[in-house]
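Enquirer: Provide a 3D model corresponding to the input given below.
(one chain, ligands or ions: 1)
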Amino acid sequence: MTNTDTRDVGATVAQIQRLHRAGCEIVRVAVPNPEAVEALARIKKAVTVPIIADIHFDFRLALGALRAGADGLRINPGNIGDEEKVRRVAREARDRGVPIRIGVNSGSVEKDLLATYGGPTAEAMVESALRHMALLQECGLMDFKVSLKSSDVLTTVEAYRGLAVKSDVPLHLGVTEAGPGALGAVKSALGIGLLLAEGIGDTIRVSVTADPEEELPIAYGILRSLGIRHRGVDLICCPTCGRTEWNLMEVAQEAERRLRSVVTPIKVAVMGCAVNGPGEAREADVGIAGGRGHGILFKKGMLVEKLPQEKILERLLQEVQAMTGEAIL
Ligand code: SF4
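Expert: Numbering: from 1, shown residues only. This is a model prediction of the structure:
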């Protein structure tokens, strides 16, 4: 999801394009006011990736976003007005052939469900989703998916499992407000990963407190770990230990940063020593096993050459570039 001011068309388009290049296949854009609706129409003309308009509180913004050409709407039907307003949005989306995501969030479950279930429990979220689904179906809109996000991983997982038992509606997975850095990555990987491993989920979004582009490596890391998608570099690095005698951490971090742009699936190893190093490096498409002041380069299981430490990184990147045909800056 973009975090620019949507009214700033130039900045928003630039961020959408960066996200698309980083592997984002659907981009959500906040549409909080009528100016953002106008901007949305211009943004749509400038990008090729599908754009989802994120709407809260005002059904007129949802109608405006549909007319502006949004490829999808994300709404929380519980907060955009009464049922008749939701119906108007659903009918307009149906007539335009635009899908809707019902975004149930633990922070916005209806009051009566909170009272019945004693809080925003997984059961309350499932019932809220079923209610909204029935409302859209009643309007003849069948093209929708559902998300059931909580900032609590286990509540999120329980909610998705609960709805998956009751319905075969497509599910958009995510742990909301997962937090910054490692914390957000861990919570997202656990919540999304557990569900995907069970065969639950159709689309995903990682939400961390960082530049939105930072979410893509985490998302692709989850998919790669589960064998669902193989995009870009699978970087295998040892954690270092008392046997490490070269600047592995520095090289690994720099390699990770510079290899992010690679799209071709490729396994790259950066290993610390001769204990597990050569073994892992040989398993990879290309790898380095370091030693005191030098490194050994392996390619497809074959020892290629011995390198002085200062040449290890550039030589490794050069090999990746040659194998993928992609420029590495
Ligand atoms: Fe330590 Fe070598 Fe294992 Fe790295 S590969 S953690 S340096 S034993």
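
Enquirer: contacting residues around the residue of the stretch 201-329 of the chain found nearest the ligand?
Expert: The minimum distance from the stretch 201-329 of the chain to the ligand, using Cβ to the nearest ligand atom, falls at residue 272 (2.6 Å). Just so you know, the C-beta spots here come from the backbone N, C-alpha and C atoms, and that holds for glycine as well. Listed by Cβ atoms under 8 Å, 6 or more residues apart in numbering, the contact partners of residue 272 are 238, 240-241, 243-244, 246, 248, 289-290.

Enquirer: In the stretch 1-150 of the chain, where is pLDDT below threshold?
Expert: Counting by pLDDT under 70, the stretch 1-150 of the chain contains no low-confidence range.

Enquirer: where exactly do the strands run in it?
Expert: Here the stretch 1-150 of the chain has its strands, by DSSP state E, counting those that start in this stretch, at 27-30, 51-55, 72-75, 100-105, 144-149.

Enquirer: Looking at the ones you listed, spot the one closest to residue 229.
Expert: With Cβ to Cβ, the closest approach to residue 229 among those belongs to strand 27-30: 17.5 Å.

Enquirer: Check the offset of the closest one from the chain's centre.
Expert: Distance, stretch centre to chain centre, for strand 27-30: 13 Å (Cα atoms, centre = their mean, to the nearest Å).

Enquirer: Please save the CA atoms from it in PDB.
Expert: Taking Å, rounded to 0.1, in the frame of the first residue of the first chain, the C-alpha atoms of strand 27-30 are listed here in PDB:
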ATOM      1  CA  VAL A  27      -1.200  -1.800  -5.100                       C
ATOM      2  CA  ARG A  28      -3.600  -0.200  -2.700                       C
ATOM      3  CA  VAL A  29      -4.000   3.500  -2.400                       C
ATOM      4  CA  ALA A  30      -5.800   5.500   0.300                       C
END
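
Enquirer: Direction included, what does that strand pair against?
Expert: strand 51-55 (parallel) (DSSP bridges).

Enquirer: can you count the residues close to residue 107?
Expert: Residue 107 sits with 12 neighbouring residues when counted by other Cβ atoms under 10 Å.

Enquirer: Surely it touches residue 120?
Expert: Yes. Here residue 107 reaches residue 120: they are 7.0 Å apart, a contact under Cβ atoms under 8 Å.

Enquirer: Excluding sequence neighbours, find me the nearest residue to residue 290.
Expert: Closest residue in space to residue 290, ignoring its immediate chain neighbours: residue 246 at 4.1 Å, by Cβ to Cβ, 6 or more residues apart in numbering.

Enquirer: Could you check the pLDDT of that neighbour?
Expert: With respect to pLDDT, residue 246 has a value of 88.

Enquirer: Name the helix or strand for it, please.
Expert: Counting by DSSP states H and E, there is no helix or strand that carries residue 246.

Enquirer: ditto for the one 4 residues further on
Expert: Assignment of secondary structure by DSSP H and E places residue 250 within helix 248-259.

Enquirer: How about residue 200?
Expert: Residue 200 belongs to no helix or strand, assigned by DSSP H and E.

Enquirer: any idea how far it is from the ligand?
Expert: To the ligand, residue 200 is 35 Å away according to Cβ to the nearest ligand atom, to the nearest Å.

Enquirer: got a list of what that residue touches?
Expert: Each residue near residue 200 by Cβ under 8 Å, 6+ apart is listed here: 160-161, 164, 171, 173.

Enquirer: Out of the residues you listed, which is nearest to the ligand?
Expert: Using Cβ to the nearest ligand atom, these come closest to the ligand at residue 173, 33.3 Å.

Enquirer: sorry, back to before: and the helix holding residue 250, what other elements does it pack with?
Expert: Applying 3 or more Cβ pairs under 8 Å, 6 or more residues apart in numbering; DSSP states H and E, we find helix 248-259 packed against strand 233-237, strand 266-271, strand 286-291, helix 312-324.

Enquirer: what sits up against that helix?
Expert: In contact with helix 248-259 (Cβ under 8 Å, 6+ apart) are residues 232-233, 235, 237-238, 240, 268, 270-272, 288, 290, 312-313, 316-317, 320, 328-329.

Enquirer: residues touching residue 305, list them.
Expert: Counting by Cβ under 8 Å, 6+ apart, residue 305 has contacts 296-297, 315.

Enquirer: Neighbour count and distance to the ligand for these - can I get that in JSON lines?
Expert: As requested, those are exported to JSON lines (neighbours: other Cβ atoms under 10 Å; distance: Cβ to the nearest ligand atom, whole Å):
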{"residue": "296", "neighbour count": "20", "distance to the ligand": "13"}
{"residue": "297", "neighbour count": "21", "distance to the ligand": "16"}
{"residue": "315", "neighbour count": "16", "distance to the ligand": "19"}
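
Enquirer: List just the nearest of the residues you listed to residue 7.
Expert: residue 315 (47.2 Å).

Enquirer: I'd assumed residue 298 was in contact with that closest one.
Expert: No. Applying Cβ under 8 Å, one finds residue 315 not in contact with residue 298, separated by 11.7 Å.

Enquirer: Fine by me, we can end here.
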